[in-house]
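Trainee: coordinates only, sequence not included:
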């Protein structure tokens, strides 16, 4: 079939042609934001899930849904190397400038810009990566104490008042939230809590890996009451079939039922994998319908593409010791696994491997679903590790 009309879109955060199985979550967010706009209580939301389940895609779709309703949104992806204040400041400036064009909110938005000037100036010493244009002079005593928690609270309160007066809301959409430092996450949660108490229309829709629940709770004990934490997982069999079949049907192409089942079997319903397999099955097929034989023929290309584009980029960030650790996990299967079982395979004591495990958690490769357990954050990574390190010389290698 013509590769130019191939409808599938494997890529980091690339919107798929059919966002199947996420309707309930989108509706929950829509209702929460609508309540917030009316001054009614509504929890912020943090989407948690493994890599490849479509959290980034879903977060962006929710943001666009909100923008269509006249909501002001921030779009932020948190890298490991940037501070949260540095990421928030320029985005809040843009939101305040937009709000200042609404006559009823102009005065309050300008006050917010003064708060932002004080915030950026006072925290520049501590967070040297803050770079933001200052449109107005700071107002002494407004968000300028140099204390992140207090200053961020004062700043978001000013933004919230401006949004309220403009009959809208501000929704911060922050991806990869697990990379935010605990002190900064604590300040953000505290600021959101104050806005919620004051019934100000400021909210967070975040996304991150499963360890984010525990990290938020450690940052502030009341985080569990301030947020909902919906889990974004693989698609059900029917939703996976829809995500695969519907885009092809819109191009006049169908699938044999056995071909659909084979792709779902390989991908386990993970959205990113479905896109990759759909792409390669399309490229291999010569005519409609796409058959089981086409899917089987495409398997090598699909697996190779996932290895290079999805798995290896994470694998290559690891040290030799970290690779051996996750290779031992892979030997035990998909997981979760007890830390003692992993250590036994490596011929080491659990305590000696604790720094390695901690580094892998910080890199977002693994997480602890419960005390003493360890699991991959990347679906099917155990299979990749067995392909990448098929020999057994990883078992009893000397310590690094």
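Mentor: Received, thanks. Bear in mind that the values here come from a model prediction, so they are computed numbers and not experimental data.
Trainee: any stretches of the protein with poor pLDDT?
Mentor: Along the chain, the parts satisfying pLDDT under 70 run over 396-400.
Trainee: okay, now the domains of it?
Mentor: Per automatic domain parsing, the structural domains of the chain span 3-13+235-314, 23-228, 317-388.
Trainee: which parts of the stretch 151-300 of the chain are strands?
Mentor: With strands called from DSSP state E, counting those that start in this stretch, the stretch 151-300 of the chain shows them at 170-175, 202-208, 227-228.
Trainee: for residue 372, give me its contacts.
Mentor: 338, 339, 340 (Cβ atoms under 8 Å, 6 or more residues apart in numbering). Where C-beta positions appear, they are placed from N, C-alpha and C, glycine not excepted.
Trainee: burial check on residue 249, number of neighbours?
Mentor: Counted with other Cβ atoms under 10 Å, the neighbours of residue 249 add up to 14.
Trainee: can you check residue 155 too?
Mentor: 25.
Trainee: what residues are up against it?
Mentor: 92, 112, 115, 116, 119, 143, 191.
Trainee: how near is residue 324 to residue 357?
Mentor: 12 Å (Cβ to Cβ, to the nearest Å).
Trainee: name the residues contacting each of those two.
Mentor: With Cβ under 8 Å, 6+ apart, residue 324 and residue 357 have no common neighbours.
Trainee: wasn't residue 391 part of a strand?
Mentor: No - with DSSP: H, G, I helix; E, B strand; the rest coil as the criterion, residue 391 is coil rather than part of a strand.
Trainee: and it, backbone torsions?
Mentor: phi -80, psi 170 (degrees, to the nearest 10).
Trainee: show me what contacts it?
Mentor: With contact set as Cβ under 8 Å, 6+ apart, residue 391 has no partners.
Trainee: how about 10 Å then?
Mentor: Residue 391 makes contact with residue 327, according to Cβ atoms under 10 Å, 6 or more residues apart in numbering.
Trainee: quick check: the gap between it and residue 335.
Mentor: Separation of residue 391 from residue 335 (Cβ to Cβ): 21 Å.
Trainee: just residue 121 next, same as before
Mentor: Applying Cβ to Cβ, the value for residue 121 to residue 335 is 48 Å.
Trainee: residue 275 now?
Mentor: Taking Cβ to Cβ, one finds residue 275 at 24 Å from residue 335.
Trainee: what's the answer for residue 389, then?
Mentor: Applying Cβ to Cβ, the value for residue 389 to residue 335 is 17 Å.
Trainee: could you do residue 390 as well?
Mentor: 19 Å.
Trainee: over to residue 348?
Mentor: 18 Å.
Trainee: likewise for residue 227?
Mentor: 26 Å.
Trainee: more neighbours: which of the two?
Mentor: residue 227 (22 against 17).
Trainee: the more buried one and residue 215 touch, don't they?
Mentor: No - look at residue 227 against residue 215 with Cβ atoms under 10 Å: they stay out of range, at 11.7 Å.
Trainee: what about residue 183, how many neighbours?
Mentor: Each residue near residue 183 was counted by other Cβ under 10 Å, and the total is 12.
Trainee: OK, contacts around it?
Mentor: Contacts of residue 183 (Cβ under 10 Å, 6+ apart): 83, 84, 148, 149, 219.
Trainee: could the residues you listed be laid out in CSV, adding secondary structure?
Mentor: Putting the contacts of residue 183 into CSV (three-state DSSP) gives the following:
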residue, secondary structure
83, coil
84, helix
148, helix
149, helix
219, helix
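Trainee: got CSV for those residues, with distance to residue 133 too?
Mentor: Formatted as CSV, the contacts of residue 183 follow (distance: Cβ to Cβ, whole Å):
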residue, distance to residue 133
83, 18
84, 19
148, 21
149, 24
219, 30
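Trainee: need the max-distance pair from the residues you listed.
Mentor: 83 and 219 (15.0 Å; Cβ to Cβ).
Trainee: OK, contacts around residue 11?
Mentor: By Cβ under 10 Å, 6+ apart, the contact list for residue 11 reads 57, 272, 275, 276, 309.
Trainee: my read is that residue 171 contacts residue 64, right?
Mentor: No - Residue 171 sits out of contact with residue 64 when judged by Cβ under 10 Å, with a separation of 11.3 Å.
Trainee: tally of neighbours for residue 32?
Mentor: The local packing of residue 32 (other Cβ under 10 Å) involves 21 other residues.
Trainee: going by neighbour count, list what's buried in the host helix or strand of it.
Mentor: Assessed by DSSP states H and E, residue 32 sits inside helix 23-37. By neighbour count on 16 or more other Cβ atoms under 10 Å, the buried set for helix 23-37 is 25, 29, 32, 33, 35, 36, 37.
Trainee: could you tell me the angle between that helix and strand 170-175?
Mentor: Angle, helix 23-37 to strand 170-175, by axes from the mean of the first three to the mean of the last three Cα atoms, to 10 degrees: 140 degrees.
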